Each structure stands twice: as structure tokens, then as C-alpha cells.
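Enquirer: following is a predicted model, sequence given first.
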Amino acid sequence: FYRLRIYITANRAFCKDLTKDSTMFIMYDEVKHMNAHDWLEKARALEPTMYDFALWSPDEAIYERIQPHSNCGNCYSVAKTFVSTAIGMLRDEGKLDVSDPILRYFGWRRGMDPKWADVTIDHALRHRIGFDEGFLDVDAEDVSAYPTDDYLSMVFDRPLPLEPGSERHYSDAAFYLLARLVERVSGKDVELFLAERLFRPMHFREYAWSRCPEGHPIGATGLYLRSDDVVKLGAMYACGGVFEGRRYVSEAWIRLMYAREYELHPHDPFAEVEFPEWMMKGGMYGQALLIHKTLPLSIAWHAARHEP
């Protein structure tokens, strides 16, 4: 998704495809009056490898199957927003707080870097654990070369060169750890937890999550969904935590998630480009979830862009 740029200000909105170096302008008032097919055409112009598209608003919802593909697509890093949502649900129930030390739930392990004592849930949600590089990226690394099937030990055995909270270094390891945290606190792995709390109540048609060799969902990636189900998560956030009359998360959690950027960003965190009226999460090969901050509007798609 790092190719797509969306800006909306009081005066105008525009989208830019950096590959084509072309820009489309949309007056702000038009955003409120554009229909689903208008959005589809603009999105397709920006992401030509898109293979399905979904939009939700109170007035209309569409799902377009643009190219032949399997029913569910890998959301890649958009999966992280689902893990963050599970953390928010547990926080709303008083079962954890984002300021809690991670080791409150996992305990001390022999040989750990002493800095792990200072790592909080908030640090993991913001990729500020203390790693100086990403790792445990099962989409890019040869998992058969990992030294163990115990991915949790791989995370906790990792030295922390940086002070927790000091610098952001994006790592799938953080969200594998958070997925395991959901399991520790709730007693159910994150897929089963969200199946009960989100997927089935929202009538997701199909879902599956890639798992580590020990059987735990990867969390950071590998969540297979349809775009018309992914967009329901965005719709819930766009409507203040409520979808089809049912509350899933509190407004307090949404304010915190937006303010702390728990895997929803008002900018592209890699390119440092602002689009202040939206919150977004992108995934490898062009996956996208967009949530409007002031209108009940959400957009999602899968794509298959080549990334060298």
C-alpha cells in the first residue's frame, strides 16, 4: 500500500500514485456525495493489481470481485489491526492495560535481556520494544531455517539493543507476541477469540490464520479474509465502535488507538505522507484498509502488486 497517497483537507482531497506520478483531486464536499462505484473507479486507477474491493457506508455497501481469485486473500500486515482490536476488547473488559509490562503475563525467562523488564504492551503495539531491526517475518524469511519451532522463545531470546519505548523499528515479532498475549489473557488463541467476538457476530463468510509450528496464529500476518469482511472492521471503527447495532470496542479505545497509532495511521509511516481525515493500514503487495475519521465510511481491498 506504500504507493497510494490519500490527502483530505478542508479544501480538497487527492490521491497520488507514485509509480505513475499522477494525481487525482477530489473536493472535500465531493467525498460526502461520492457513491461506492465512484470510489471503486478511483481506487482501481490507483491500484491496477487490485483483485477485490469493498466499501461500506450506512447508505450502501458493495463488493467487487475484479479478477479471478480464491474466496479469501492474505491480508498480510492488515492482520495487525485485528490483533490490536483484540487487545482493545480485553482492555475494555479490564483484563489488561496497555501500560502493563509484557512480562506480567509471560514471566521472566532465563538469559533474557534485562531490558525486557521495561517492555510494555504499548511498546509492542507501537513497535518500540527495543529491537533495532525487524524479524520473524514469515512472508519474507525462510522459516525452515529458524533455529527452533518455539517462536515465542525466539522473541524473548532476542537482545534489546535499544531502550524500550525509545525508537520505532517495525517488526512482525511484536505482533506475534501480542497475539500470544491475547491467548494468555483470554485462554483462547487470537483467531478463536476474534471468531467469537468479531468474525461470527459480524457474519464473516470465511476466515483462517496462518500458524507457527506449535499451532499458534502468527498474528502479524497470514489472516485470510474477503475484502467485504475486512471492511466491516473499518466500518465498526468509523461508527465509534458499533456495527449493526452491536458495540465491539469502546469509544475510549478508539481514541487511544488513533492517538497512539496502534496499527492505524493518519499517514504512511514509511513515507511520512499525511492524510489527516483518514486512518489507514496497508499490507504487503498492496492490501489496504481505510477508515474515514469524520464520516461513516470504510474501504478495503486486496491486491497483488509486484514488490521486488
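Expert: Cool, the structure landed. Residues are numbered from 1 along each chain as shown.

Enquirer: Arg91 contacts Asp97, correct?
Expert: Yes - the criterion here is Cβ atoms under 8 Å, and Arg91 meets it with Asp97 at 6.3 Å. Every C-beta, even on glycine, is put in place using the N, C-alpha and C of the backbone.

Enquirer: higher neighbour count, these two?
Expert: More neighbours surround Arg91 than the other of Arg91 and Asp97, with 21 against 12 (other Cβ atoms under 10 Å).

Enquirer: so how far is the helix or strand hosting that one off the chain centroid?
Expert: In this assignment (DSSP states H and E), Arg91 forms part of helix 79-92. Centre-to-centre, helix 79-92 and its host chain are 10 Å apart (Cα atoms, centre = their mean, to the nearest Å).

Enquirer: and whatever helix or strand comes next after it, which residues are buried?
Expert: Along the chain past helix 79-92, the next helix or strand (assigned with DSSP H and E) turns out to be helix 103-106. Buried residues in helix 103-106, counted by 16 or more other Cβ atoms under 10 Å: 103, 106.

Enquirer: give the next helix or strand downstream of helix 103-106.
Expert: As assigned by DSSP H and E, the chain's next helix or strand after helix 103-106 is helix 121-125.

Enquirer: buried residues in whatever helix or strand comes next after that next one?
Expert: Under the assignment DSSP H and E, the closest C-terminal helix or strand after helix 121-125 is helix 151-156. Neighbour counts over helix 151-156 (16+ other Cβ under 10 Å) mark 151-152, 154-156 as buried.

Enquirer: isn't Tyr176 up against Val155?
Expert: Yes - counting by Cβ under 8 Å, Tyr176 does reach Val155; the two are 6.5 Å apart.

Enquirer: what's the overlap in contacts for those two?
Expert: Counting by Cβ atoms under 8 Å, 6 or more residues apart in numbering, the contacts common to Tyr176 and Val155 are Leu136.

Enquirer: list the beta-bridge partners for the residue nearest to Trp278 when sequence neighbours are not counted.
Expert: Nearest residue to Trp278, sequence neighbours excluded (Cβ to Cβ, 6 or more residues apart in numbering): Leu290, at 5.4 Å. Counting by DSSP bridges, Leu290 is bridged to Met280, Ile299.

Enquirer: give the contact list for Leu290.
Expert: When contacts are counted by Cβ under 8 Å, 6+ apart, Leu290 touches 6, 234, 278-280, 298-300.

Enquirer: quickly note the distance from the residue positioned nearest the centre of the chain to Gly283.
Expert: The residue lying closest to the centre of the chain (Cα atoms, centre = their mean) is Thr81, at 2.7 Å. Per Cβ to Cβ, to the nearest Å, Thr81 is found 10 Å from Gly283.

Enquirer: neighbour-wise, which of the contacts of Leu290 leads?
Expert: Result: Ala300 is most packed of the contacts of Leu290 (other Cβ under 10 Å), 30 neighbours.

Enquirer: what pLDDT does that residue get?
Expert: At Ala300, the model reports a pLDDT of 92.

Enquirer: just checking, it touches Ala238?
Expert: No - here Ala300 does not reach Ala238: they are 11.7 Å apart, not a contact under Cβ under 8 Å.

Enquirer: where does the prediction get shaky in this protein?
Expert: For the chain, the stretches flagged by pLDDT under 70 are 1-37, 39, 41-48, 267-276, 306-308.

Enquirer: what count of nearby residues applies to the nearest residue to Ala303 once chain neighbours are set aside?
Expert: Spatial nearest neighbour of Ala303, chain neighbours left out: Gly286 (3.1 Å); criterion: Cβ to Cβ, 6+ apart. Gly286 has 24 neighbouring residues, counting by other Cβ under 10 Å.
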